[in-house]
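Chemist: quick one, structure for this:
(one chain, ligands or ions: 3)
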Amino acid sequence: MTILEGRIVKALSGYYYVDHDGEIITCRARGKFRLDGVSPLVGDRVELERDSTGAGTVRRILSRRNYFIRPAVANIDQMVMLASGVNPVTDPFLIDRVSALAAYHECDFLLCLNKCDLDRAEGLYEIYAASGFRVIRTSAETGLGREELQEALKDRTSALTGNSGVGKTSLLNALDPLLGLKTGEVSEHLGRGRHTTRHVELFALPFGGYIADTPGFGSFDVEQMESIRPAQLQYCFPEFAPHLGQCRFNDCTHRTEPGCAVLDALARGEIHPSRHRSYARLWEQANLLRDWEVKS
Ligand SMILES: Nc1nc2c(ncn2[C@@H]2O[C@H](COP(=O)(O)OP(=O)(O)OP(=O)(O)O)[C@@H](O)[C@H]2O)c(=O)[nH]1
Ligand SMILES: [Mg+2]
Ligand SMILES: [Zn+2]
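Modeler: Ligands and ions are numbered 1, 2, ... in the order given. Next comes the predicted model:
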């Protein structure tokens, strides 16, 4: 029995594909993980046992820098969210939710407005550029934004996320045509994708770095997303930072209180109303959850 270390690059139907010095070893996970409620994730560094037939068993997950539930990935430096102004139209609330989770897990966040050949997504650009986010306009169709995106991805481990059909896999194919990954049509009727990508997979980029393609969000996945505790949420909106600690009340929730520095900044136009609306909505959702947890 040999013990090796590697990184999970794909998880599919109960098998884990572990990259060990460039060789992919197919593994099962030890039953123990199921009992602990911890499952290995793509991006995890693991210790595996290999038997004489070459088959592997993941026996230990090495310590994680961070992990996400949707998309299911670990050890991510940068979350790259794709959004689009058309086919599908991305709801800013989804962007705010994903970016807040990235901040919560100490992961950088990059917004790509894809399908710019069809629609320049002016509304989204305006919100996020004004809120201090890095925003890149891209098109998998024309190659718009490719150099800038390459530079942002180089030598880091990133994960692609966003609605189904927004063009994650297409954009990845545009970055590395050798990948030749399967992409899907967006239904005219539903205006969203059909979940063409069904598993998470980590790819090495030809210019250095790794990127995970993931299945896009449907409405069910959004409901399953992790909640951030109400009191932590304020720290997950980076543009609130200069105003925190300056409200009249120590436990200000920055929604309706008098003397709130965040609300003052909102009134002065220094915080975008759409971002503050999302903050309040996430706060209320998380607060309900907390009440429910306390009662049960
Ligand atoms: N015009 C245009 N079409 C695009 C662009 N990017 C993707 N598409 C099209 O949008 C459709 C969906 O693209 P995918 O790459 O499969 O989308 P996805 O985000 O990977 O979707 P899931 O795998 O379901 O999460 C395909 O028909 C693509 O050809 C773009 O920049 N411009
Ligand atoms: Mg895809
Ligand atoms: Zn306040």
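Chemist: is residue 92 in contact with residue 125, as I believe?
Modeler: No. Using Cβ atoms under 8 Å, residue 92 makes no contact with residue 125, being 11.2 Å away. Using the backbone N, CA and C atoms, a C-beta is placed for each residue, glycine as well.
Chemist: check the secondary structure at residue 184 for me.
Modeler: coil (DSSP: H, G, I helix; E, B strand; the rest coil).
Chemist: which residue packs closest to it, ignoring adjacent ones?
Modeler: Closest residue in space to residue 184, ignoring its immediate chain neighbours: residue 196 at 3.1 Å, by Cβ to Cβ, 6 or more residues apart in numbering.
Chemist: next, count neighbours for that neighbour.
Modeler: For residue 196, the count of nearby residues is 18 (other Cβ atoms under 10 Å).
Chemist: same check, this time on residue 199
Modeler: Neighbours of residue 199 under the rule other Cβ under 10 Å: 13.
Chemist: use 44 as the first number from now on
Modeler: Shifting the count to begin at 44 puts that one at residue 242.
Chemist: how about residue 294, what does it touch?
Modeler: Residue 294 is in contact with no residue at all, counting by Cβ atoms under 8 Å, 6 or more residues apart in numbering.
Chemist: wait, is it part of a strand?
Modeler: No. Counting by three-state DSSP, residue 294 is located in no strand; its state is coil.
Chemist: for the closest residue in space to residue 142 that isn't next to it in sequence, helix, strand, or coil?
Modeler: Leaving aside its sequence neighbours, residue 142 sits nearest to residue 152 (Cβ to Cβ, 6+ apart; 4.7 Å). Look at residue 152: counting by three-state DSSP, its state is strand.
Chemist: what is the burial count for residue 152?
Modeler: Neighbourhood size, residue 152 [other Cβ under 10 Å]: 19.
Chemist: hmm, it is touching residue 120, no?
Modeler: No. With contact defined as Cβ under 8 Å, residue 152 does not count as touching residue 120 (10.7 Å).
Chemist: which residues touch the one residue in the stretch 94-243 of the chain that gets nearest to ligand 3?
Modeler: Closest contact between the stretch 94-243 of the chain and ligand 3, by Cβ to the ion, is at residue 143 (17.0 Å). By Cβ under 8 Å, 6+ apart, the residues touching residue 143 are 271, 276, 279, 280, 325.
Chemist: rerun at 6 Å
Modeler: Applying Cβ atoms under 6 Å, 6 or more residues apart in numbering to residue 143 gives the contacts residue 279.
Chemist: phi, psi of it?
Modeler: Torsion angles at residue 143 (phi, psi; degrees, to the nearest 10) stand at phi -70, psi -40.
Chemist: any idea how far the residue in the chain sticking out farthest from the centre lies from residue 45?
Modeler: Note on the chain: the largest C-alpha distance from the chain mean falls to residue 95, namely 38.3 Å (Cα atoms, centre = their mean). In this view, residue 95 and residue 45 are 9 Å apart by Cβ to Cβ, to the nearest Å.
Chemist: burial count for the nearest residue to residue 88 once chain neighbours are set aside?
Modeler: Nearest non-adjacent residue to residue 88, counting by Cβ to Cβ, 6+ apart: residue 105, 4.2 Å away. Residue 105: 13 surrounding residues under other Cβ under 10 Å.
Chemist: surely residue 184 meets residue 161?
Modeler: No. Assessed by Cβ atoms under 6 Å, residue 184 is found out of contact with residue 161, at 8.1 Å.
Chemist: which parts of the longest strand seen in the chain are buried?
Modeler: Assignment by DSSP state E gives strand 45-55 as the longest strand of the chain. The neighbour-count check on strand 45-55 (16 or more other Cβ atoms under 10 Å) flags 49, 50, 51, 52, 53, 54 as buried.
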